[in-house]
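> the amino acid sequence is not available; the structure is as follows:
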């Protein structure tokens with residue numbers, strides 16, 4: 001019984017971690033794209 005409870009508790013945490021990692025990666029990509037966009041604007045002007 002205790003093993004099942006532990007396993008069930010671990011699953012949502014792992015899912016949350018995966019989602020947070022993907023979210024962080026998306027944010028990093030967005031930030032990098034913004035910096036690149038701003039840099040191109042600065043260089044053209």
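That came through fine. Owing to the predicted nature of the structure, the values given are computational and were not obtained by experimental measurement.
> quick one: neighbours of residue 28, just the number.
Using other Cβ atoms under 10 Å, residue 28 is surrounded by 10 other residues. Using the backbone N, CA and C atoms, a C-beta is placed for each residue, glycine as well.
> pLDDT on the helix or strand hosting it, on average?
Applying DSSP states H and E as the criterion places residue 28 in helix 2-44. Helix 2-44 carries an average pLDDT of 80.
> let me see the contact set for residue 30.
Taking Cβ atoms under 8 Å, 6 or more residues apart in numbering, we find residue 30 in contact with no residue.
> from residue 36, how far off is it?
11 Å (Cβ to Cβ, to the nearest Å).
> now swap in residue 18 and tell me
For residue 18, the distance to residue 36 - Cβ to Cβ - is 27 Å.
> roughly how far apart are residue 25 and residue 18?
For residue 25 relative to residue 18 (Cβ to Cβ), the value is 11 Å.
> and if you look at residue 24?
11 Å.
> equivalent analysis for residue 45, please.
From residue 45 to residue 18 the distance is 41 Å (Cβ to Cβ).
> these two: who's more crowded?
Comparing residue 45 with residue 18 by other Cβ under 10 Å, the one with more neighbours is residue 18, at 10 against 5.
> distance of that one from residue 35?
Distance from residue 18 to residue 35, by Cβ to Cβ: 26 Å.
> before we move on, what about residue 25?
For residue 25, the distance to residue 35 - Cβ to Cβ - is 16 Å.
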